[in-house]
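A.B. asks: Next come a sequence and a model predicted from it.
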Amino acid sequence: MTGAEDLAEKKEQYWKDGYTVLRGLYGPDEIESFRKECDRLWNLDGLDDDLNLRTEFRRGPDGQYAFDRLDPVLDISPTLSEAATHPELMKALAAVLGGSAELLKCKLIRKEPGVNGYAAHQDFLYWKWLETRPDLLCTVVVNLYPSDRRSGGIEFYRGSHQELIPGPAENPEGDCDTNRLDAAAVDAPALDAGDVLVFHSLTPHFSTRNDSELPRTVLLPSYCVTDEPGLYQKYYRREITRRCEELVGFERYFARNEGL
């Protein structure tokens, strides 16, 4: 459990660096139950279907597509729903953010050994439609196993969360141009199972390939300080519609069709 004095330090670090690490929010038995639940979810029938709107695919080390996430996940997992709304977590977020946080979205990611990571980006670029201040939005990373740079853990550009950074010249409306960022400010926190990362919606972050021998499994809920009810439902109504319109997540389906 994180004490008031410790939370004050975490709050200071969050606003200074754009992220912080909370420890002791979940007990060992809780983390073990989350792991078992993730194993159950990853073996549900139908999740590997090309047209399942809940899953997205990425290329693995063998060049083949494999699904790496469940998004949304809470509606099929009461256990992970409890993790994302855990009283100690919500208390800590209120202290760090300076207000009561409501759940915005939540996904489960499992990066298999050899699978590549994600290019540098800022979450707020994809949340501008919410029409709220970036200071009110954050993402949490609940680590179910130890995580570091070797396992493809999340890396941050420390202290670069003051503005939405334009994309490169060829795509100024796209993800942030890393040439505008200080490479010396990159930090890859080493985390134990049960540690919780909290980062600002404007903090540029990325991950690299998982070069470890084990999958990297994390629960990623995002939150907003708001009094608006039904924010989670509002987000996914829009998101599922977007996926259908833009055919997001159907990459393997099209790749298979091209091979016929």
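C.D. replies: Everything's here; your move.
A.B. asks: hey, what's the residue nearest the centre of the chain bridged with?
C.D. replies: The centroid of the chain falls nearest to Leu220 when counting by Cα atoms, centre = their mean (3.9 Å). As for beta bridges, Leu220 partners with Lys107 under DSSP bridges.
A.B. asks: Could you list which residues are in contact with it?
C.D. replies: Taking Cβ atoms under 8 Å, 6 or more residues apart in numbering, we find Leu220 in contact with 106-109, 139-142. Glycine gets a C-beta too; all of them are placed from N, C-alpha and C.
A.B. asks: Now with 10 Å, please.
C.D. replies: Going by Cβ atoms under 10 Å, 6 or more residues apart in numbering, Leu220 touches 69, 71, 73, 84, 105-109, 139-142, 154, 197.
A.B. asks: contact partners of stretch 50-58?
C.D. replies: Outside of stretch 50-58, the residues within contact range by Cβ under 10 Å, 6+ apart are 44, 46-49, 64-73, 75-76, 107-109, 111-112, 115-118, 239-240, 243-244, 248-257.
A.B. asks: tell me which residues in it are buried?
C.D. replies: Of all the residues in stretch 50-58, those buried under the rule 16 or more other Cβ atoms under 10 Å are 50, 52, 54-58.
A.B. asks: Stretch 67-85 too?
C.D. replies: Neighbour-count burial for stretch 67-85, counted by 16+ other Cβ under 10 Å, picks out 67-74, 77, 80-81, 83-85.
A.B. asks: Same check on stretch 192-212?
C.D. replies: Within stretch 192-212, the residues scored as buried using 16+ other Cβ under 10 Å are 193-208, 210, 212.
A.B. asks: Next: stretch 233-241.
C.D. replies: Going by neighbour count (16+ other Cβ under 10 Å), the buried part of stretch 233-241 is 235-236, 239.
A.B. asks: Same question for stretch 147-160.
C.D. replies: Across stretch 147-160, burial judged by 16+ other Cβ under 10 Å covers 147, 149-158, 160.
A.B. asks: Could you list the low-pLDDT ranges of the stretch 51-200 of the chain?
C.D. replies: For the stretch 51-200 of the chain, residues meeting the criterion pLDDT under 70 lie at 59-63.
A.B. asks: ranges for the strands of it?
C.D. replies: Using DSSP state E, counting those that start in this stretch, the strands of the stretch 51-200 of the chain run over 55-59, 65-70, 101-111, 137-143, 155-157, 186-187, 196-200.
A.B. asks: I'd like those as JSON lines, with distance to Arg180 appended.
C.D. replies: Listed next are the strands of the stretch 51-200 of the chain as JSON lines, based on distance: least, Cβ to Cβ, whole Å:
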{"stretch": "strand 55-59", "distance to Arg180": "26"}
{"stretch": "strand 65-70", "distance to Arg180": "28"}
{"stretch": "strand 101-111", "distance to Arg180": "27"}
{"stretch": "strand 137-143", "distance to Arg180": "21"}
{"stretch": "strand 155-157", "distance to Arg180": "10"}
{"stretch": "strand 186-187", "distance to Arg180": "14"}
{"stretch": "strand 196-200", "distance to Arg180": "17"}
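A.B. asks: Compare those strands and give me the one nearest Leu25.
C.D. replies: Closest of the strands of the stretch 51-200 of the chain to Leu25 is strand 196-200, at 5.6 Å (criterion: Cβ to Cβ).
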